[in-house]
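[1] Sequence below, structure please.
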Amino acid sequence: MNDSAPIFQVNNLSLYYETFCALRDINMAINRYSVTALIGPSGCGKSTLLRCFNRMNDLIPGARIEGEIFFEESNLYAQAVDATEIRSRIGMVFQRPNPFPKSIYDNVAFGLKINGYQGDMDEAVEHSLRQAAIWGEVKDRLRDSALTLSGGQQQRLCIARAIAVEPEVILMDEPASALDPIATLAIEDLVRQLKERYTIVIVTHNMQQAARVSDETAFLMIGEDRAGYLVEQDDTNKIFTNPENERTEAYITGRFS
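    Purely as a prediction, here's the structure:
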């Protein structure tokens with residue numbers, strides 16, 4: 001593995017739902033141990049693109065892709081690739097917290113048990129909760145239902161559950177959009193900490209959030225054919241201060257949404 005190579009390389013990716021093209025001709029790279037934000041107007045395919053990175057779109061009837069996504073220099077969509085195994089290496093956190101109706105402990109232990117983890121389960125659960133910056137809030141109530149936690153705590157628990165199986169990548173689909181401002185800042189602080197150990201790709205409709213947490217930003221927009229196109233990808237500071245494409249600048253400055 002070449003540590004300087006991108007962890008994802010996307011080549012001429014198009015995604016179809018039956019005959020409708022939702023993404024067209026996407027070419028991009030995702031760097032390791034960085035946060036890449038996907039921004040753009042509603043319906044431009046941000047979440048659809050995110051789900052391509054761990055083959056979640058496979059679960060949607062009629063979905064198919066053209067083109068390639070290389071993960072660790074192997075084609076994610078090659079016939080021999082096990083999509084379930086890929087999802088253990090590429091975790092996902094959804095827009096709304098979705099803890100299982102189990103205890104806090106069992107939520108984190110769930111993936112470890114499925115994967116046949118043979119180590120010290122208590123230690124692994126604590127480690128994951130610490131990484132997700134929630135251990136101090138739940139250490140005395142691990143047997144309580146996860147559903148008794150606040151929204152922000154539930155989302156951090158879902159992040160702990162995702163990282164328990166030690167993925168290489170964490171995909172986040174608007175992870176703070178359902179949270180209050182204080183919980184949102186806690187998630188953003190966590191994202192900045194986690195990039196030391198994980199590659200993170202985050203979809204956000206909040207441009208201030210993208211500017212705060214990401215190293216690179218990719219701007220997508222809807223074409224006249226209603227497909228999503230990648231307009232520009234670059235260093236986040238450059239995207240927000242000196243974008244190359246006038247459509248990016250118009251979106252960033254609020255002249256269209």
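[2] The helix or strand of the chain with the lowest mean pLDDT: what's the following helix or strand?
    Confidence across the helices and strands of the chain bottoms out at helix 83-89, with a mean of 90, counting by mean pLDDT, DSSP states H and E. Using DSSP states H and E, the helix or strand that directly follows helix 83-89 along the chain is strand 90-93.
[3] Averaged pLDDT, that next one. What do you get?
    For strand 90-93, mean pLDDT rounds to 96.
[4] Summarise which helices and strands it is packed against.
    Under the contact criterion of 3 or more Cβ pairs under 8 Å, 6 or more residues apart in numbering; DSSP states H and E, strand 90-93 touches helix 151-164, strand 169-173. C-beta coordinates here come from the backbone N, C-alpha and C atoms, glycine included.
[5] Using PDB, write out every CA atom in the last one.
    When you say that, I think you mean strand 169-173. Extracted in PDB, the C-alpha atoms of strand 169-173 (Å, rounded to 0.1, in the frame of the first residue of the first chain):
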ATOM      1  CA  VAL A 169     -12.900   5.200   6.400                       C
ATOM      2  CA  ILE A 170     -15.900   6.800   8.000                       C
ATOM      3  CA  LEU A 171     -18.600   8.200   5.700                       C
ATOM      4  CA  MET A 172     -20.900  10.800   7.400                       C
ATOM      5  CA  ASP A 173     -24.200  11.800   5.700                       C
END
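[6] on that earlier part again, tell me which residues of the least confident helix or strand of the chain come out buried.
    Within helix 83-89, the residues that qualify as buried are 86, 87, 88, counting by 16 or more other Cβ atoms under 10 Å.
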